[in-house]
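**Student:** Give me the fold of what follows.
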Amino acid sequence: MDSPYTKFVGQVWEEFPQLAEWHDLDNSTLPIWKLDKFIEAGYHNFLAERKPLYNLSVLIEKYAQENHQPLLATFEKIARFSFVKKRYQEMIKNIPKVWIIADFDKQSIPSEELSTNSKFLSCKDTDLANVWTVITRGPYGPFGLIAEEYEDGKFRGFFTLNTNVCRYALKIMGKTLGTKFTIQ
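**Tutor:** Reported below is the predicted structural model:
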């Protein structure tokens, strides 16, 4: 099956042929599940607007906070991060390391971190500029949401519990941004 995704998300998806086997072409919405339901499913494809992705993101962020695990979050636009900045300032107090990635330019990267355990990175002019990811570490390794904005306010992607898929995504992101993410 040809990849339904492009750029970064397509590169991740194509590396794992089994994702095509699990891909449900009729899946047109992201259900409003609790995190345990996503974990039970293990893998879930979706086409979605912002609200359900925001809900899933909050579930993953809450998991990271409650389990004192690292968190990586990408925001397509700086304004998307600005919308959650206050929540993040509170949330990251219980998280050992947080990477916040957005289309910052040199003048817009915050000069002060949210805390000593946070790092801002710019994805401006990269394949990550339209990507929405929220990844943390679970009991077996990294898991999370990997999506791309294909039209204004519309996203396609997947939730995965597959640690190899998340590790590969983190590796590509790290290579693109010149850093290493220690969520392994």
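**Student:** need the next SSE after the helix ranked longest in the chain, C-terminal direction.
**Tutor:** With DSSP state H applied, the helix covering the greatest number of residues in the chain is identified as helix 50-66. From helix 50-66 onward toward the C-terminus, using DSSP states H and E, the following helix or strand is strand 71-74.
**Student:** Report the distance from that following strand to the chain centre.
**Tutor:** Taking C-alpha atoms, centre = their mean, to the nearest Å, one finds the center of strand 71-74 at 6 Å from the center of the full chain.
**Student:** Can you tell me the strand partners of it and which way each runs?
**Tutor:** For strand 71-74, the paired strands and their directions (DSSP bridges) are strand 98-102 (parallel), strand 131-138 (antiparallel).
**Student:** what sits up against the shortest one?
**Tutor:** Residues from elsewhere that reach strand 98-102 (C-beta atoms under 8 Å, 6 or more residues apart in numbering): 70-78, 80-81, 88, 92, 114, 117-123, 128, 173, 177, 179, 181. C-betas here are computed from N, CA, C, even on glycine.
**Student:** Produce a ChimeraX select command limited to the buried residues of those.
**Tutor:** Applying 16 or more other C-beta atoms under 10 Å to the contacts of strand 98-102, the buried members can be selected in ChimeraX as follows:
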select :70,71,72,73,74,75,76,78,80,81,88,92,114,118,120,121,122,123,128,173,177,181
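**Student:** In strands, which of the contacts of strand 98-102 fall?
**Tutor:** Within the contacts of strand 98-102, membership in strands is found for Leu71, Leu72, Ala73, Thr74, Ser118, Lys119, Phe120, Leu121, Ser122, as judged by DSSP state E.
**Student:** what about the helices in this structure?
**Tutor:** 7-15, 18-22, 35-41, 50-66, 78-91, 163-177.
**Student:** Next up, the contacts around the residue lying closest to Asn117 once chain neighbours are set aside.
**Tutor:** Sequence neighbours aside, Lys97 is the residue nearest to Asn117 in space, at 5.2 Å (criterion: C-beta to C-beta, 6 or more residues apart in numbering). Lys97 is in contact with Pro70, Leu71, Asn117, Ser118, Lys119, Thr182, counting by C-beta under 8 Å, 6+ apart.
**Student:** Output the strand ranked longest in the chain as PDB, nothing but the C-alphas.
**Tutor:** Of all segments of type strand in the chain, defined using DSSP E, the longest is strand 141-151. Coordinates of each C-alpha in strand 141-151 appear next as PDB, following Å, rounded to 0.1, in the frame of the first residue of the first chain:
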ATOM      1  CA  GLY A 141       9.600   2.500  25.800                       C
ATOM      2  CA  PRO A 142       8.500   5.500  23.900                       C
ATOM      3  CA  PHE A 143       4.900   5.800  22.600                       C
ATOM      4  CA  GLY A 144       2.700   8.600  21.300                       C
ATOM      5  CA  LEU A 145       1.000  10.600  18.600                       C
ATOM      6  CA  ILE A 146       2.600  11.200  15.200                       C
ATOM      7  CA  ALA A 147       0.600  13.400  12.800                       C
ATOM      8  CA  GLU A 148       0.900  15.900  10.000                       C
ATOM      9  CA  GLU A 149      -1.200  18.900   9.000                       C
ATOM     10  CA  TYR A 150      -2.200  18.200   5.400                       C
ATOM     11  CA  GLU A 151      -4.700  21.100   5.100                       C
END
